[in-house]
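S.K.: quick one, structure for this:
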Amino acid sequence: MKAFLCLFALGIFLHMHEGQASLCPPGFESFYVGPESQDACLKFAMDVKRDWDTARSYCMSLGFDLAQLDEGNLHWSVISYIRSHPEMLNVGFHIGCTDEVNEGRWIWTDGRPVNMFSCHWYPGQPDGGNQENYGCLYYDDFMYNSCVNGERLYAICMF
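M.R.: Alright, predicted model coming up:
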């Protein structure tokens with residue numbers, strides 16, 4: 001039932017308007033979050049693959065952080081965007097969540113808890129225990145996954 005509801009939500013979202021004009025910094029794309037929220041500005045840092053710590057440092061060097069995809073329809077909007085860009089279809093991305101500090105307690109980089117019961121997690125995720133403590137999106141579904149820190153992926157930075 002949960003899987004059906006997730007697919008239903010994604011189907012509805014993919015038919016929604018992508019939001020209005022936004023004031024994103026150069027190199028960032030505007031993403032629709034929802035009717036009661038301001039659009040999000042995201043940068044797909046596809047210049048170099050980095051581990052999670054280095055990806056976060058990169059985003060922070062720009063004055064931002066790794067993306068927190070928990071607001072409204074943001075995660076669905078990101079999936080739709082990736083699927084419309086063929087060069088992104090076979091890669092993975094680091095996002096801004098981790099359970100490094102407290103195993104099993106996933107938090108966003110701003111300290112808010114990650115909803116462990118949302119349909120944004122790939123079935124069976126997170127897994128890997130102490131070996132996989134960093135959030136990422138893997139092809140071909142781009143749902144939340146737990147990844148090892150040494151894994152080199154592209155980053156999604158958020159303004």
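
S.K.: what comes up buried for stretch 54-71?
M.R.: By 16 or more other CB atoms under 10 Å, the buried positions in stretch 54-71 come out as 55, 56, 58, 59, 64, 65, 66, 67, 68, 69, 70. The C-beta positions use only the backbone N, C-alpha and C, and glycine is treated the same way.

S.K.: looking at those residues, which are in strands?
M.R.: Residues of the buried residues of stretch 54-71 located in strands (DSSP state E): 65, 66.

S.K.: ok, of the buried residues of stretch 54-71, which one's closest to residue 152?
M.R.: Distance to residue 152, by CB to CB, is smallest for residue 55 among the buried residues of stretch 54-71, at 8.9 Å.

S.K.: in contact with residue 78, which residues?
M.R.: Going by CB atoms under 8 Å, 6 or more residues apart in numbering, residue 78 touches 31, 42, 67, 69, 137, 142, 156.

S.K.: point out where this structure drops to low pLDDT.
M.R.: Where the chain drops to pLDDT under 70, the residues are 1-22.
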